[in-house]
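Student: How does the following fold in three dimensions:
(2 chains)
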Amino acid sequence: MRRFTLTIAGLAVVALAGCSSSSSSSTPAASTSPSASTTGSITVFAAASLTGTFTQLGKQFETAHPGDTVKFSFGPSSGLATEITSGAPADVFASAATANMQQVVTAGDASNPQNFAKNIMEVAVPPNNPANVKSVNNLAKKSVKVAVCQPQVPCGVVAAEVFKNVGITVKPVTLQADVKSVLAQVELGNVDAGMVYVTDVMAAGSKVKGVAIPAGDNASTEYPIATITSSKQKSEAEAFVAYVLSPAGQQVLGAAGFEKP
Amino acid sequence: MVTRTAPSHLTARERARRTARGGSSRSVPAPLLAPALIAIAFLVLPLAGLVIRAPWGHLGAALSGSDATQALILSLWTATVTTGISLVIGVPLAWVLARSSFPGQRLLRALVTLPLVLPPVVGGVALLLAFSRVGFVGRYLDYWFGLTIPFTPLAVVMAETFVAMPFLIITVEGALRSADQGFEEAAATLGAKRMTVFRRVTVPLVAPSLGAGAVLCWARALGEFGATITFAGSFPGQTETMPIAVYYALETDPNAAIALSLVLLLVSVVVLVSLRDRWLRGGSLS
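Tutor: Down below sits the predicted model:
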């Protein structure tokens, strides 16, 4: 029995050693910046449609604020809002719709959100356009396989608005988690068309083709940003929000196809 | 599977005590008790949380307020079809792995059981690359038959079968290996053809494992998420199974998510109870 107990204890020590070494190696950023008093690492929860621009803004911000690091969690605004109200450790929230920001504000996790961008919809099709989609009206055809965001995600809400404006009923084959996964289905050629933002078509380059939606039928969404009340890096978080709203930030967003709020 | 060898250095008193208590030792040593209690708390507390936080007063409303019913129906029938397919093609494979020998058999067994350890989402990506409209198999299905698999209930069944069938295969294979082949040899000696032996002797012999494997396969198929959402997508009534409905409901209607989770928890408990003879009493599988 004694030998058995010792074996267990030995195994536990090995296991703990394994855990600690792996955890320290997985967070090199934290271990290399011990002087956390003046600089900090902030986590930004941002809508999936901001993936490209915010990654770039993060790098520029880090250059402008030496020592600060910005980490991102990109996803559907609705999912991110739920995560934040459930206590996820975010410092900044950038939502693709006012409604999801409002959810966080109502829960007391953020205040005074500011709009920093606006986006409109476009139809993304694979480069060879297999279903020969010429306009958004074609999406009503039963033979056209369409991917749309989940109805609670901003891109799903705006897509539904567009369909309503055009006066068509679209039966998608799949409701994706966020706009980037709609885009991925188009890129993979799994669907004939996907409802995404103009900025996503632009970011995808030659991997998809865009079919513009007439301005009269199109719908837009506003992007609000705010710091999270429980943030422990309040000044860095505020600095990042200010950077997004600054001319430098607005230039990056404008170049990616976002409109001014 | 688990074999117990009796320690030979026991005192007469201890041996008598163990005999009286069915072989278990007298007490749990403290260094084992504390971690064991932590493990119990870790496993039981989340389930308790689910039960405590459940909207018991308006469970019905929470369930009907979402796409729960059609998600549940879809989940139940796809898991059942998956189990049926697994029985039809998985059991013969288990027999091939257990009873025949050919070059590359060990490699084949490794390949067949790979989905057991493969992250399901990777399985979904693999299925997508093979069977999507531009996949190397799916392209021809689309070109020749106009058949596109992703985003259909068929894709759900395929994803579930990919992930769940190996559970049935290894359960049945293990039973076939440990079953007494004397009966089969006797039947063969008496003139029974090989298929007759399989149907009348082998299958009845491993029937309990067949049942357990089928239930295990069904439960795994019911809970499938990663491969399904990756390969089949998500659309209510078509490909949105219960786990996917729970996942999305958490964003919009947490009460519905909890209610749906409770339904799945209930189903799991029923599965466990149906397997109680094999698992809950502990000990060997044979």
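
Student: where are the low-confidence patches of the stretch 101-250 of chain A?
Tutor: Residues of the stretch 101-250 of chain A that meet the criterion pLDDT under 70 are absent altogether.

Student: swap the cut-off to 90 and go again
Tutor: By pLDDT under 90, the weakly predicted segments of the stretch 101-250 of chain A are A:152, A:188-189.

Student: And the strands in it?
Tutor: A:114-125, A:146-149, A:174-176, A:193-197, A:209-211, A:220-227 (DSSP state E, counting those that start in this stretch).

Student: And the residue of the stretch 51-200 of chain A that's closest to chain B?
Tutor: A:T174 (3.0 Å; CB to the nearest CB). (Glycine included, C-beta is placed from N, CA and C.)

Student: ok, and the closest non-adjacent residue to that residue?
Tutor: Leaving aside its chain neighbours, A:T174 sits nearest to B:G233 (3.0 Å; criterion: CB to CB, 6 or more residues apart in numbering or on different chains).

Student: Neighbours of residue 186, how many?
Tutor: Here I'm looking at chain A. A:V186 has 27 neighbours, counted by other CB atoms under 10 Å in any protein chain shown.

Student: wrong one, chain B
Tutor: Quick note: B:A186 (other CB under 10 Å) scores 13 neighbours.

Student: With A:K209 instead?
Tutor: A:K209 is flanked by 17 other residues according to other CB under 10 Å.

Student: That one against A:V123, yeah?
Tutor: No. Using CB atoms under 8 Å, A:K209 makes no contact with A:V123, being 9.1 Å away.

Student: And the residue lying closest to A:A177 once chain neighbours are set aside, its phi and psi?
Tutor: Distances taken as CB to CB, 6+ apart place A:P76 nearest to A:A177, at 5.7 Å, with adjacent residues excluded. A:P76 adopts backbone torsions of phi -70, psi 130, taken as degrees, to the nearest 10.

Student: Can you name the residues that contact A:P76?
Tutor: Listed by CB atoms under 8 Å, 6 or more residues apart in numbering or on different chains, the contact set of A:P76 reads A:A47, A:A48, A:C149, A:Q150, A:Q152, A:V153, A:P154, A:A177, A:D178, A:V179, B:E251.

Student: next one: A:V241
Tutor: A:V241 neighbours (CB under 8 Å, 6+ apart): A:V92, A:Q114, A:I225, A:A226, A:T227.

Student: one more time with 7 Å, if that's ok
Tutor: A:V92, A:I225, A:T227 (CB atoms under 7 Å, 6 or more residues apart in numbering or on different chains).

Student: The second one reaches A:A96, doesn't it?
Tutor: So that's A:I225. No. Counting by CB atoms under 7 Å, A:A96 is not a contact partner of A:I225; they are 10.7 Å apart.

Student: out of the two, which sits in the more crowded spot?
Tutor: It is A:A96, of A:I225 and A:A96, that has more neighbours when counted by other CB under 10 Å, with 31 against 24.

Student: That one: what secondary structure?
Tutor: For A:A96, the assignment made with DSSP: H, G, I helix; E, B strand; the rest coil gives coil.

Student: before we move on, what about B:P31?
Tutor: Per three-state DSSP, B:P31 ends up helix.

Student: And for it, the neighbour number?
Tutor: 14.

Student: contacting residues for the residue in the stretch 101-250 of chain B that chain A sits nearest to?
Tutor: Distance from chain A to each residue of the stretch 101-250 of chain B (CB to the nearest CB) is smallest for B:G233, at 3.0 Å. B:G233 makes contact with A:V173, A:T174, B:P150, B:F151, B:T239 under the criterion CB under 7 Å, 6+ apart.

Student: do the same with A:N190
Tutor: Counting by CB under 7 Å, 6+ apart, A:N190 touches B:S132, B:R133, B:P150.

Student: Tabulate those in JSON lines, adding columns for pLDDT.
Tutor: As requested, those are exported to JSON lines (pLDDT from 0 to 100):
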{"residue": "B:S132", "pLDDT": "88"}
{"residue": "B:R133", "pLDDT": "85"}
{"residue": "B:P150", "pLDDT": "89"}
